[in-house]
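# Please find the sequence and the predicted model below.
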Amino acid sequence: MAPSTSHGQTLINYNFEGLSNGALVGQDGWVLGGVGNVSPTVATYASSQVAGNAASTGTVIAKKTFFTAGDLSSSETVTLEFNVVRTAPGGTNFGVFGIGSASTTSAYFGLASNQFIIRGEGFGTTYVATNLTADVGDLFTLQSVWNLSTGMATLYAKNITDGATEFTQLTFTGGVTSVSLGLSTNVSTWTTGYIRTAQSGSSAGYLDNLSAVAIPEPGVSSLLLGTSLGFLFARRRRSSLA
């Protein structure tokens, strides 16, 4: 079972409902992720609006500013989650989600063809899960927990099509469950969520329901709780003296 994301700060809670079918870039603040990129497409899949591509060539990346620089400064972890489906066999393709700064490509995770992956910052090391692959047409919820202090990440998958109700923790070569994101930038500069979809061929990964929740460091949580309780106590004391 994946870790709980309760008591965290929601940085991203986004679906593509309400957007128009066609290019994602130019709608609701989405822009190209870099020079020479192709915009992902908004399409209807299984009665929902999703982002992806049936087939395309070139690098297909879009990004959007979702939160403020400094929001991750006091966070111990950030839990990222989204839905992805592989629509057809063949091709070299992606359905991935990540966060970072406006000027840097951070780490990401998701589906590459039929494989579940985590990839380090700046197109760094790619880690491929060894205990699960994706069949065509299966919708998954993927969740990755990034420790912002150690730069390590874990990955979980839940097959919605098969009726799974709990996440399966994914393992990588050597049986490890935690891999390095290779972080070199200061996470306090991060403001952006981005997606990468089909690169070539016909097997797009359609994406939906992007989520990012930052979990404060334990000391920060205790401080915030203490401050809240202190405020509540002082308010009650003033009320009793009135």
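Nice, thanks for sending it over.

# going forward, measure contacts between C-alpha atoms and count neighbours the same way
Fine.

# Looks like Ser20 contacts Thr44 (just checking).
No. Ser20 sits out of contact with Thr44 when judged by C-alpha atoms under 8 Å, with a separation of 9.6 Å.

# contacting residues for Asn13?
Asn13 sits next to 209-212 when contact means C-alpha atoms under 8 Å, 6 or more residues apart in numbering.

# Kindly reformat the residues you listed as JSON lines containing distance to Ala134.
Formatted as JSON lines, the contacts of Asn13 follow (distance: C-alpha to C-alpha, whole Å):
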{"residue": "Asn209", "distance to Ala134": "18"}
{"residue": "Leu210", "distance to Ala134": "19"}
{"residue": "Ser211", "distance to Ala134": "21"}
{"residue": "Ala212", "distance to Ala134": "23"}
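
# so which of those residues is the most crowded?
Neighbour counts for the contacts of Asn13, by other C-alpha atoms under 10 Å, peak at Ala212, which reaches 26 neighbours.

# Run through the bridge partners of that one.
The partner list for Ala212 in beta bridges (DSSP bridges) reads Ile12, Leu80.

# Nearest residue to the middle of the chain?
Centroid-nearest residue in the chain, with C-alpha atoms, centre = their mean: Leu80, separated by 3.9 Å.

# pLDDT weak spots in the protein?
4-6, 54-57, 200-204, 219-242 (pLDDT under 70).

# Going along the chain, name the helices of this protein.
Ranges of helices in the chain, per DSSP state H, are 218-241.

# what distance separates the start and the end of stretch 158-166?
6 Å (C-alpha to C-alpha, to the nearest Å).

# Next, the buried residues of that stretch.
158-160 (16 or more other C-alpha atoms under 10 Å).

# tell me which residues in stretch 119-129 are buried?
Result for stretch 119-129 [16+ other C-alpha under 10 Å]: buried residues 119-122, 124, 126-129.

# got the contact list for it?
104-109, 115-118, 170-173, 179-184.

# Equivalent analysis for stretch 44-52, please.
15-19, 21, 24, 40-43, 95, 197-198, 204-208.

# re earlier: let me know the distance separating the residue nearest to the centre of the chain from Thr59.
22 Å.

# partner residues bridging Leu142?
In beta-bridge terms (that is, DSSP bridges), Leu142 pairs with Phe82, Ala157.

# Could you double-check that it lies in contact with Gly95?
No. Using C-alpha under 8 Å as the test, Leu142 is too far from Gly95 to be in contact (10.8 Å).

# Now do the shared contacts for these two.
84, 110.

# Looking at those two, which one has more neighbours?
Gly95 (29 against 24).

# Contact partners for the closest residue in space to that one that isn't next to it in sequence?
The shortest distance from Gly95 to any non-neighbouring residue, by C-alpha to C-alpha, 6 or more residues apart in numbering, is to Gly205 (4.1 Å). By C-alpha under 8 Å, 6+ apart, the contact set of Gly205 is 52-53, 84-87, 93-96, 111-113, 197-198.

# nearest to Glu76, of the residues you listed?
Val96 (22.8 Å; C-alpha to C-alpha).

# show me what contacts the residue nearest to the closest one when sequence neighbours are not counted?
Computed as C-alpha to C-alpha, 6+ apart, the closest residue to Val96 that is not its neighbour in sequence is Gly110, at 4.2 Å. By C-alpha under 8 Å, 6+ apart, the contact list for Gly110 reads 84, 94-97, 116-118, 142.

# what do you get if the cut-off is 6 Å, keeping everything else the same?
By C-alpha atoms under 6 Å, 6 or more residues apart in numbering, Gly110 lies in contact with 95-96, 116-117.

# Neighbour-wise, give me the winner out of the residues you listed.
Gly95 (29 neighbours).
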